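[1] when you get a sec, could you give me coordinates for this:
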Amino acid sequence: HSAGVMCLSWNTHNKSCLASGSADKSMKLWDIPKTACTSTFGLHKDKVQACEWNPVEAPILLSGGYDQKCACIDVRDAKSVRHYKVDGEVHSVSWNPANAAIFAASTDKGMISFFDVRKAGSATKPLFTIGAHDAEVGSISFNAKYNHLLASCSEDQTVKLWDLQSKPVCLDKKEMQIGQIFTMKFNPEDPDILAAAGSQGTVAIWDIASSTSVAQKYGSSKPQGRRRSSKK
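    Residues are numbered from 1 along each chain as shown. Have a look, this model is predicted:
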């Protein structure tokens with residue numbers, strides 16, 4: 001790239017393939033064993049902030065940019081790209097592991113929009129949008145264990161848990177005591193565990209199994225008191 005690299009995503013179906021997005025507005029695919037760029041895509045008109053390979057369909061790549069759009073492309077065909085308009089600069093994108101045709105995108109306006117890539121034309125409008133936070137949503141993460149659970153974090157210093165089974169509902173909210181929160185992720189090996197980090201240079205851990213609302217919705221899967229929110 002000719003400017004800063006802002007996002008990376010490994011292809012879980014092809015472990016030698018890495019995607020990168022850049023402030024130079026381009027997306028690139030890399031063959032790691034050959035240390036070579038195999039493809040370059042101009043999918044956005046501004047910085048590319050987020051990217052993620054589809055968890056089921058190996059050649060499908062999702063990206064989000066400062067041009068207030070998400071792009072979904074089958075990398076085998078450059079003409080296959082579809083764009084999805086959102087309300088602001090895209091900060092994070094995530095595929096739903098329970099339904100790999102659905103993705104979510106968060107923006108600097110505090111919103112999270114959800115799209116179905118099977119819909120075309122005018123139907124590429126969001127399925128629905130959540131006014132999730134009072135500041136930009138820096139990261140979103142679907143939970144691999146609870147099919148309808150999404151976490152979001154924000155510069156408003158909170159992490160929120162959303163149940164999306166029918167009408168979106170905020171199940172729980174936690175001030176992590178680490179300042180503005182820029183990034184957050186569920187542990188793929190133990191999806192009850194969420195890590196968040198932010199402006200104070202610390203990492204906070206939240207065991208969402210300790211949440212009464214999560215236990216009531218999905219059932220408690222761990223002994224009470226096993227692990228609580230903590231800072232590292």
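
[2] show me what Ser20 is bridged to.
    Leu8, Lys28 (DSSP bridges).

[3] can you report how many residues lie near it?
    18 (other C-beta atoms under 10 Å). Just so you know, the C-beta spots here come from the backbone N, C-alpha and C atoms, and that holds for glycine as well.

[4] which residues sit in contact with it?
    His1, Val5, Cys7, Leu8, Met27, Lys28, Trp30, Cys51 (C-beta atoms under 8 Å, 6 or more residues apart in numbering).

[5] change it to 6 Å
    Val5, Leu8, Lys28 (C-beta atoms under 6 Å, 6 or more residues apart in numbering).

[6] packing partners for the longest strand anywhere in the chain?
    Secondary structure of the chain per DSSP state E: the longest strand is strand 99-107. Applying 3 or more C-beta pairs under 6 Å, 6 or more residues apart in numbering; DSSP states H and E, one finds that strand 99-107 contacts strand 90-96, strand 111-116, strand 137-142.

[7] out of these, flag the one nearest Ala78.
    Evaluated with C-beta to C-beta, those place strand 90-96 nearest to Ala78, the distance being 19.6 Å.

[8] report the angle between that closest one and strand 99-107.
    When axes from the mean of the first three to the mean of the last three C-alpha atoms, to 10 degrees is applied, the directions of strand 90-96 and strand 99-107 differ by 160 degrees.

[9] ok, back up a step: what subset of the contacts of Ser20 is buried?
    With neighbours counted by 16 or more other C-beta atoms under 10 Å, the contacts of Ser20 contain buried members at Lys28.

[10] related to what we said a few turns ago, buried ones in the longest strand of the chain?
    Quick answer for strand 99-107 (16+ other C-beta under 10 Å): Ile102, Phe103, Ala104, Ala105, Ser106, Thr107.
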